[in-house]
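Student: structure of the sequence below:
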Amino acid sequence: MDVVIRSLIIFGFLWLAIRVSGKREVAQLSAFDMILLVTVGDLVSQGVTQEDYSLTTAILAVSTFSVAGFALALVDYRFPATRPVLAGTPRVVVKDGEPLLDVLSSELITISDLHEAAREKGIRSLREIELCVVETDGKFSFFTSDPDDNADD
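Tutor: So this is what the prediction gives:
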């Protein structure tokens, strides 16, 4: 039972840490961030199992994490009002070609990150963007104005 309690505490802490750290895709993480994640995984396993390397403890810890993840998904599904807390909310970061610097700052996204994401979608300038939303999973959704819309007949 001790492993289950420790697993739930660590699960809750990791959920909170990920929510607080911001919306960043794994592809956006630096080499240091990736090494840090691997190290955190090792530290978490030590905290959960207390150096008990038995198969039973490992199965119990993984099962607890799985059940806790399923429980959060179920709460998210059954109680839509909890979604902003559990999954976050999409945020508009560019409107009518103008980056919203306060939103970018609160999401810990740099202008360079925004330009890079736009270039990956074939967008050369932020002026082409009608709306850009950073989704709850950290991906960018770009909505560009159609050049034909501005053409005179």
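Student: and the worst-scoring helix or strand of the chain on mean pLDDT, how far from the chain's centre?
Tutor: Least confident element among the helices and strands of the chain, by mean pLDDT, DSSP states H and E: helix 31-49 (a mean of 75). In this view, helix 31-49 has its centroid 17 Å away from the chain centroid, taken as C-alpha atoms, centre = their mean, to the nearest Å.
Student: quick one: the helices in this structure?
Tutor: 2-21, 31-49, 55-78, 83-86, 101-106, 111-120 (DSSP state H).
Student: mind checking which of these is nearest E135?
Tutor: helix 111-120 (11.4 Å; C-beta to C-beta). Yep, even glycine has a C-beta here, placed from its N, CA and C like the rest.
Student: keeping just the C-alphas, turn stretch 82-100 into CSV.
Tutor: Written as CSV, here are the backbone C-alpha positions of stretch 82-100 (Å, rounded to 0.1, in the frame of the first residue of the first chain):
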residue,chain,number,x,y,z
THR,A,82,-12.6,20.6,-15.0
ARG,A,83,-11.0,20.7,-18.5
PRO,A,84,-9.3,24.1,-18.2
VAL,A,85,-7.7,22.9,-14.9
LEU,A,86,-6.7,19.4,-16.1
ALA,A,87,-5.8,20.0,-19.7
GLY,A,88,-5.4,23.8,-20.0
THR,A,89,-6.9,26.1,-22.5
PRO,A,90,-5.8,27.2,-26.0
ARG,A,91,-4.4,30.7,-26.1
VAL,A,92,-4.3,33.2,-29.0
VAL,A,93,-0.7,34.4,-29.4
VAL,A,94,-1.0,36.3,-32.7
LYS,A,95,-4.0,38.3,-33.8
ASP,A,96,-4.2,40.2,-37.2
GLY,A,97,-0.4,39.8,-37.7
GLU,A,98,0.5,41.2,-34.3
PRO,A,99,2.1,39.0,-31.7
LEU,A,100,0.5,39.3,-28.3
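Student: quickly list the domain ranges of the protein.
Tutor: Domain assignment for the chain by automatic domain parsing gives 2-86, 91-150.
Student: so can I have CSV of the ones you listed showing mean neighbour count?
Tutor: Formatted as CSV, these follow (neighbours: other C-beta atoms under 10 Å):
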stretch, mean neighbour count
domain 2-86, 13
domain 91-150, 14
